[in-house]
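Undergrad: only geometry, no sequence info:
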């Protein structure tokens with residue numbers, strides 16, 4: 001499943017914070033079903049839309065948990081991996097890979113091994 005989120009962020013550095021800038025974040029999920037039952041992808045997509053709505057159109061630095069942790073590509077991917085894993089668990093599915101990109105050439109990936 002692939003979705004997109006428009007949101008801005010500014011990376012925090014030791015000496016301060018970078019300039020706020022916008023991205024269209026690509027979110028690519030690979031999902032494995034734990035059994036032979038049919039998975040309601042429409043239900044999963046609706047729950048994922050709710051997660052996206054929490055950050056869509058916002059300045060990530062002001063949205064929990066990124067008001068406390070640096071809103072880097074790596075931290076965003078780690079956060080979404082945890083949240084999506086919890087959502088899919090209810091549907092007897094497993095997130096096996098999550099890839100988030102902030103540009104066509106810059107992606108970060110977490111793979112379940």
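TA: The structure has been received and is ready for your questions. Just so you know, these numbers come straight off a predicted model, no measurement behind them.
Undergrad: please make it C-alpha for all contacts and neighbour counts, starting now.
TA: Fine.
Undergrad: sec struct for the residue nearest the centre of the chain, please.
TA: Nearest to the geometric centre of the chain sits residue 80, at 3.6 Å (Cα atoms, centre = their mean). Classification of residue 80 using DSSP: H, G, I helix; E, B strand; the rest coil returns helix.
Undergrad: which other helices and strands does the lowest-mean-pLDDT helix or strand in the chain contact?
TA: In the chain, no helix or strand scores lower on mean pLDDT, DSSP states H and E than helix 41-53, which sits at a mean of 83. On a contact count with 3 or more Cα pairs under 8 Å, 6 or more residues apart in numbering; DSSP states H and E, helix 41-53 meets helix 73-89.
Undergrad: low pLDDT regions in the protein?
TA: Confidence mapping of the chain against pLDDT under 70 gives the ranges 36-37, 39.
Undergrad: what's the longest strand in it?
TA: Longest strand of the chain, by residue count under DSSP state E: strand 21-33.
Undergrad: how many neighbours does residue 102 have?
TA: Using other Cα atoms under 10 Å, residue 102 has 20 other residues around it.
Undergrad: contacting residues around it?
TA: Contact analysis of residue 102 by Cα atoms under 8 Å, 6 or more residues apart in numbering lists 23, 24, 25, 26, 73.
Undergrad: so which of those residues wins on neighbours?
TA: So for these (other Cα under 10 Å), the most neighbours sit at residue 25, 21 neighbours.
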